[in-house]
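the following block contains a protein sequence and its predicted model.
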Amino acid sequence: MKIPPFLIAAALLFWGWQVDLLLPAITVALVVEIAPRVKMRWQLSGHNYSRLVDLSALLFLGLLVFAVFTAEGSGSFLRVFAWLPLVMLPVFLAQLYGSRETIPLSALFLVIRKRSKKSGIDPGGVDVAPFYFAFCLLSSGIGNDRNIMFFFGLFGLLGWALWMVRNRGFAPWLWLLLFGAAGVLGYAGQIGLHQLHTIVEEKVLEVMGYSGAGDEDPFQ
């Protein structure tokens with residue numbers, strides 16, 4: 001899937017808005033969008049790519065360790081995943097500004113890395129842009145408060161991405177109609193799931209004898 005111009009920048013801005021990291025999001029979006037206009041490219045070796053992937057892995061591991069010792073609940077622990085676009089940024093920038101258009105598979109997977117060293121064969125690479133786009137959307141969901149603006153933003157970004165890879169054999173109006181219907185059903189479904197979660201939680205509290213008056217909520 002070829003990511004169209006400005007889509008990842010829009011996803012970054014959406015992520016920053018949702019998780020209250022708008023300034024870093026704007027900065028990263030600018031760095032991402034000027035990459036095609038910069039002629040200079042980093043001459044990175046396979047070892048350099050591996051070190052950048054390892055750096056992102058260590059950053060994520062460090063955030064997890066920090067969350068384990070400081071988190072006061074599951075919500076605080078989940079906030080770690082709100083930082084994924086920044087954690088994965090070194091790898092994505094290596095693709096944007098590196099001499100290769102993809103990230104070597106040997107850098108991403110230790111098993112392939114070891115086999116590649118033994119055989120000396122380049123296993124090829126993978127375009128990480130679609131994955132980075134997905135990370136932005138996933139991380140934006142960590143900070144949302146289930147309002148309709150989040151759904152519209154997510155729906156719009158997904159529509160933008162899917163529009164570029166749609167089947168050209170279908171009329172555009174038919175594609176838009178079907179995608180709109182899917183969006184309506186998806187929004188109704190998530191409302192239903194939220195209501196079901198509320199009902200189940202209330203029933204569990206009743207079974208556990210929580211009256212809601214002066215007792216401590218066991219889910220807090």
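The structure has been received and is ready for your questions. Residues are numbered from 1 along each chain as shown.

C-alpha only now, for contacts and for neighbours.
OK.

which stretches of the protein have low pLDDT?
1, 71-77, 143-146, 187-197, 201, 204-205, 208-220 (pLDDT under 70).

again, 80 this time
1-2, 67-79, 116-122, 143-148, 164-176, 178-220 (pLDDT under 80).

list the contacts for the residue nearest the centre of the chain?
The geometric centre of the chain, computed from its C-alpha atoms, lies nearest to F135 (C-alpha atoms, centre = their mean), at 1.3 Å. F135 is in contact with L84, P85, counting by C-alpha atoms under 8 Å, 6 or more residues apart in numbering.

mind exporting the helix or strand encompassing it as CSV, just the C-alpha atoms?
F135 is located in helix 129-143, with elements delineated by DSSP states H and E. In CSV, the C-alpha atoms belonging to helix 129-143 read as follows (Å, rounded to 0.1, in the frame of the first residue of the first chain):
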residue,chain,number,x,y,z
ALA,A,129,4.9,3.6,6.3
PRO,A,130,1.6,1.7,6.4
PHE,A,131,2.6,0.3,9.8
TYR,A,132,3.5,3.8,11.1
PHE,A,133,0.2,5.1,9.9
ALA,A,134,-1.6,2.3,11.8
PHE,A,135,0.5,3.1,15.0
CYS,A,136,-0.7,6.7,14.8
LEU,A,137,-4.3,5.6,14.7
LEU,A,138,-3.9,3.0,17.4
SER,A,139,-2.1,5.4,19.7
SER,A,140,-4.8,8.1,19.1
GLY,A,141,-7.4,5.7,20.5
ILE,A,142,-5.6,5.6,23.9
GLY,A,143,-6.4,9.2,24.6
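
buried stuff in it?
129, 132-143 (16 or more other C-alpha atoms under 10 Å).

buried set for the helix or strand that comes right after that helix?
Remark: after helix 129-143, the chain's next helix or strand is helix 148-163, criterion DSSP H and E. For helix 148-163, a neighbour-count test (16+ other C-alpha under 10 Å) marks F150, F151, G153, L154, F155, L157, L158, G159, A161 as buried.

just give the nearest non-adjacent residue to E101, would you?
In space, and not counting its chain neighbours, E101 is closest to Q95: 5.8 Å by C-alpha to C-alpha, 6 or more residues apart in numbering.

who's in contact with M149?
M149 touches nothing, counting by C-alpha under 8 Å, 6+ apart.

how much space between it and G156?
10 Å (C-alpha to C-alpha, to the nearest Å).

try D54
33 Å.

related to what we said a few turns ago, how about CSV for the buried residues of helix 129-143, with distance to A10 added?
Putting the buried residues of helix 129-143 into CSV (distance: C-alpha to C-alpha, whole Å) gives the following:
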residue, distance to A10
A129, 13
Y132, 12
F133, 10
A134, 12
F135, 13
C136, 10
L137, 10
L138, 14
S139, 14
S140, 12
G141, 15
I142, 17
G143, 17
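
pick out the most distant pair among those residues.
A129 and G143 (22.3 Å; C-alpha to C-alpha).

F152 and A10, how far apart?
13 Å.

I should have written L157 there, sorry.
With C-alpha to C-alpha as the criterion, L157 and A10 are 8 Å apart.

what does stretch 118-131 rub up against?
Everything outside stretch 118-131 that qualifies as a contact, by C-alpha under 8 Å, 6+ apart, is 1-3, 92, 95, 101-106, 112, 116.

give the buried subset of the residues you listed as a PyMOL selection command.
Only the buried entries of the contacts of stretch 118-131 go into this PyMOL selection, using 16+ other C-alpha under 10 Å:
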select buried, resi 3+92+95+102+103+104+105+106+112+116
